[in-house]
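Visitor: got a predicted model here, sequence first, then my questions.
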Amino acid sequence: MGNPWRGEVTLVIDGEAQVLKLTLGALAELEEALEEGSLVDLVARFEAGRFSSRDVLALIVAGLRGGGWQGGPRDLVRAEIAGGPMGAARAAAELLARAFMLPEAQER
């Protein structure tokens, strides 16, 4: 299971629990993969509920890669994600929130 205090989120993909984490390297890959804007723009889209499926996929892939996965977006085309698209969106939003949560907020 993922450790929320370390910014980790668990997502079940094809029946197997995967730990996602946005490391600095994963964040750099994510920023490069974004079609428009920066990470700040991505956070704003999630906060406003204006994110796209491309945003969700980019976050899931970055989180998987930060957790040690070696795949890419094409490897998830036929993958079954627990909770479907909404489960993936929830995991992506949680991953993004945990990556930028201040340590003081985590202690509460």
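Guide: Okay, I see it. Just so it is clear, the model here is predicted, and its values are computed rather than measured.
Visitor: buried ones in stretch 72-81?
Guide: By neighbour count with 16 or more other CB atoms under 10 Å, stretch 72-81 contains the buried residues 76, 81. Any C-beta I mention is one placed from the backbone N, CA and C, and that applies to glycine too.
Visitor: show residues contacting it.
Guide: Stretch 72-81 is contacted by residues 11-15, 57-58, 60-61, 87-88 when judged by CB atoms under 8 Å, 6 or more residues apart in numbering.
Visitor: and if we set it to 7 Å?
Guide: Counting contacts by CB atoms under 7 Å, 6 or more residues apart in numbering, the residues outside stretch 72-81 that touch it are 11, 13-14, 57, 60-61, 87-88.
Visitor: make a markdown table out of those residues and add neighbour count and secondary structure.
Guide: Converted to a markdown table, the contacts of stretch 72-81 look like this (neighbours: other CB atoms under 10 Å; DSSP: H, G, I helix; E, B strand; the rest coil):
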| residue | neighbour count | secondary structure |
| --- | --- | --- |
| Leu11 | 24 | strand |
| Ile13 | 20 | strand |
| Asp14 | 11 | coil |
| Leu57 | 17 | helix |
| Ile60 | 25 | helix |
| Val61 | 23 | helix |
| Gly87 | 13 | helix |
| Ala88 | 21 | helix |
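Visitor: return the member of the residues you listed nearest to Glu35.
Guide: When these are compared for distance to Glu35, the smallest value, 11.1 Å, is given by Leu57; criterion: CB to CB.
Visitor: what's the separation between the closest residue to that closest one other than its chain neighbours and Ala62?
Guide: In space, and not counting its chain neighbours, Leu57 is closest to Pro73: 5.8 Å by CB to CB, 6 or more residues apart in numbering. Here the criterion is CB to CB, to the nearest Å. By it, Pro73 lies 10 Å from Ala62.
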